[in-house]
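Q: Provide a 3D model corresponding to the input given below.
(one chain, ligands or ions: 1)
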Amino acid sequence: MASYISRRGLIKTFGLAAGALVLAACGGSGASVPQAAVAPVTLELGSKGDGLAFDKTELSAAAGAKITVKFKNNASAASGNKHNFVLVKPADATAVAADGIAAGEASGYLKADDKRVIAHTKLLAAGESGEVTFDAPAAGAYEYMCSFPGHNVVMKGTLIIK
Ligand SMILES: [Cu+2]
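A: So this is what the prediction gives:
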């Protein structure tokens, strides 16, 4: 009887392992590409000169990609405009910006450890560059914006994850 239970246990364990292998194989050939197969991507972005705008209003990347956003604040020293790159779900943008204003400049106009923020650079002075690397979120349309007070209303764009 004991050996019968032992054999059943062995067979069951083997069955689970085989099932896991089948699942992994399905993931490789299905619509959702496994993360290791997606090439990392670097997206270059700047402010539009001294304007309160990004020089690109749409960026795209593949789901599962490791994304690096390189953001250059192209504002002149005379304008002194400060900017950041903040990636959020469109529905969170207004609230994230409002909480950022409350947090103040010392916090880069972002609430500390704001879980709604998918990725962000630090607040960049005129002429300064910054970058951030993050895993692409699920497929969909996301908003990138500058959370400097008042900028988010006009300084924004869409990141499409395909
Ligand atoms: Cu700005």
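
Q: can you give me the strands in the protein?
A: Counting by DSSP state E, the segments of the chain that form strands are 41-46, 58-61, 66-72, 86-88, 119-120, 129-135, 140-145, 156-161.

Q: so which of those strands is the most packed in?
A: strand 86-88 (a mean of 26; mean count of other C-beta atoms under 10 Å). For the C-beta atoms, the positions are set from N, CA and C on the backbone; glycine is no exception.

Q: isn't Ala139 right up against Gly64?
A: No - between Ala139 and Gly64 there is no contact under C-beta atoms under 8 Å: 9.4 Å.

Q: care to break the protein down by domain?
A: 1-30, 35-161 (automatic domain parsing).

Q: Now mean pLDDT too, for these, in CSV please.
A: Shown next, in CSV, are the domains of the chain (pLDDT from 0 to 100):
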stretch, mean pLDDT
domain 1-30, 40
domain 35-161, 97
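
Q: returning to what we had before: let me have the strands of the chain in a markdown table, extended by distance to Leu52.
A: Formatted as a markdown table, those follow (distance: least, C-beta to C-beta, whole Å):
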| stretch | distance to Leu52 |
| --- | --- |
| strand 41-46 | 13 |
| strand 58-61 | 18 |
| strand 66-72 | 15 |
| strand 86-88 | 14 |
| strand 119-120 | 17 |
| strand 129-135 | 18 |
| strand 140-145 | 11 |
| strand 156-161 | 10 |
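
Q: and the domains of the chain, which is most packed in?
A: domain 35-161 (a mean of 17).

Q: re earlier: any idea which of the strands of the chain gets closest to the ion?
A: Taking C-beta to the ion, strand 140-145 is the member of these nearest to the ion, at 8.4 Å.

Q: Now do that closest one: everything it contacts.
A: The contact list for strand 140-145 (C-beta atoms under 8 Å, 6 or more residues apart in numbering) reads 45, 54, 59, 69, 85-90, 93, 97, 118, 151-152, 155-161.
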